[in-house]
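Undergrad: What follows is a predicted protein model with its sequence.
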Amino acid sequence: MSFASLPDSLFRPLTSNPELVDALQAASAEPRKVVIDRLRKEQLCIGTNVRDDAAAIELTPYVWSERLIEFYRTTKAFLYESAVWNRSPLKCQIRDWIGEFLTKKQFTDANVLVYGDGLGIDSTYLSKVGCRVTYYEPSEECVRFANIVFEQNEVQVSHITDTASLKEKTYDLIVCLDVLEHVPNPPEIVQNFASLLREGGLLITHSPFFYIEPYHPTHLRSNVRYSGDASIFTQNGLQPYDGKFFWDPIVLKKCDSPPADRNLWAVNLGKLPLQLGRQNSFIHSAVARLMSRGEKKWRITNKTGEL
């Protein structure tokens, strides 16, 4: 597959506000007016629904707790955040970069696990690229949305709700985007990824550990120390292989020593700025917020709740 024939990084229902509202309503079971209002607020400022829902239950931000676990179980805010993020220019650039990378490396016929894929957008894209995709997501609301995405785009994606039964050395590729900054023990998750990958397999991840700000209260402050730290991967036999400047994403290869065909100029240039985010993440978070904004053309501005 050539770069010119890669699938578009935006597809149904993200390409239509009415279709997106329909999918969000089906997944959330919230009234249509509520869905439109929550989507409108999210498009104006990404993270608004998570921030507001977290504040409503007096969640202590940036700290792993039983209340945070309960928040993940009960809130529907991530449906809206993920919908807006997945059609933002930055996230589309990440998907495009991954598609081009896999094509260049002739990795499009890979057996892939997409870990914590939420709405199933990345799983759908990788299936369109040609990969054999397994989608892992425990949230029932997200799974309902993902099933709509899979059906509308006519892709075949396997779905699992528990990774405990997965066999070692099963996958050629694991994709984990915007997950590790949320979990209490990222090295443990990375170690599990390494065990699931075949020798020579790849991990593609994007984990803005530095991104600690009011609209992302579920990003854990304890994980900031991993910003720009490749040892979280290398200690598990995953060698830096390729990636973009802000590690959005970074690619790791399962092998005993640094691969000869690695391309790390952007990754190495970005390491120090990411590490500086450990001491003071204000500027980094401000830049990340600016880069992750949704496009104005998708905004719903009618406050009456009508499209």
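TA: Right, received. Where do you want to start? Numbering: from 1, shown residues only.
Undergrad: Quick check, Asp53 in contact with Ala77.
TA: Yes: counting by Cβ atoms under 8 Å, Asp53 touches Ala77, with 4.4 Å between them. C-beta here means a position set from N, CA and C on the backbone, and glycine is covered the same way.
Undergrad: These two: which is more packed in?
TA: Ala77 (22 against 19; other Cβ atoms under 10 Å).
Undergrad: Need the single longest strand in the chain, by residues.
TA: Of all segments of type strand in the chain, defined using DSSP state E, the longest is strand 197-206.
Undergrad: And the helices in the stretch 201-307 of the chain?
TA: 231-234, 265-276, 282-291 (DSSP state H, counting those that start in this stretch).
Undergrad: got a list of contacts for the longest one?
TA: By that I understand helix 265-276. Contacts to helix 265-276, defined as Cβ atoms under 8 Å, 6 or more residues apart in numbering, come from residues 210, 227-230, 240, 242-247, 250, 284.
Undergrad: same question, the last one
TA: Under the contact criterion Cβ under 8 Å, 6+ apart, helix 282-291 has outside partners 46, 90, 208, 210-213, 215, 273-274, 276-277.
Undergrad: The shortest one now?
TA: Outside of helix 231-234, the residues within contact range by Cβ under 8 Å, 6+ apart are 186-187, 190, 203, 226, 239-240, 252.
Undergrad: Redo the residues you listed as JSON lines? Include pLDDT, neighbour count and distance to Ile98.
TA: Shown next, in JSON lines, are the contacts of helix 231-234 (pLDDT from 0 to 100; neighbours: other Cβ atoms under 10 Å; distance: Cβ to Cβ, whole Å):
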{"residue": "Pro186", "pLDDT": "98", "neighbour count": "23", "distance to Ile98": "20"}
{"residue": "Pro187", "pLDDT": "97", "neighbour count": "16", "distance to Ile98": "23"}
{"residue": "Val190", "pLDDT": "98", "neighbour count": "25", "distance to Ile98": "18"}
{"residue": "Leu203", "pLDDT": "98", "neighbour count": "26", "distance to Ile98": "12"}
{"residue": "Tyr226", "pLDDT": "98", "neighbour count": "22", "distance to Ile98": "21"}
{"residue": "Gln239", "pLDDT": "98", "neighbour count": "18", "distance to Ile98": "18"}
{"residue": "Pro240", "pLDDT": "98", "neighbour count": "21", "distance to Ile98": "16"}
{"residue": "Leu252", "pLDDT": "98", "neighbour count": "29", "distance to Ile98": "13"}
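Undergrad: Next, the contact list for Lys254, please.
TA: Lys254 makes contact with 194, 197-203, 237-239, according to Cβ under 8 Å, 6+ apart.
Undergrad: about what we covered before: filter the contacts of helix 231-234 down to just the ones in strands.
TA: Taking DSSP E, the ones among those that sit in strands are 203, 239-240, 252.
Undergrad: and these as CSV, adding distance to Phe145?
TA: Output for the ones in strands among the contacts of helix 231-234, formatted as CSV (distance: Cβ to Cβ, whole Å):
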residue, distance to Phe145
Leu203, 25
Gln239, 35
Pro240, 33
Leu252, 29
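Undergrad: Off-centre distance for stretch 119-138?
TA: Relative to the chain's own centre, stretch 119-138 is displaced by 12 Å; criterion: Cα atoms, centre = their mean, to the nearest Å.
Undergrad: and it, average pLDDT?
TA: Per-region confidence: stretch 119-138 scores 97 on mean pLDDT.
Undergrad: Could I get the contacting residues of Ser195?
TA: Going by Cβ under 8 Å, 6+ apart, Ser195 touches 168-169.
Undergrad: part of a strand, is it?
TA: No: applying DSSP: H, G, I helix; E, B strand; the rest coil, one finds Ser195 to be helix, outside a strand.
Undergrad: Could you check how far it is from Leu180?
TA: Note on Ser195: its distance to Leu180, by Cβ to Cβ, to the nearest Å, is 16 Å.
Undergrad: Flag every buried residue along whichever strand or helix holds Lys128.
TA: Element membership for Lys128, per DSSP states H and E: helix 121-129. For helix 121-129, burial by neighbour count (16 or more other Cβ atoms under 10 Å) applies to 121-129.
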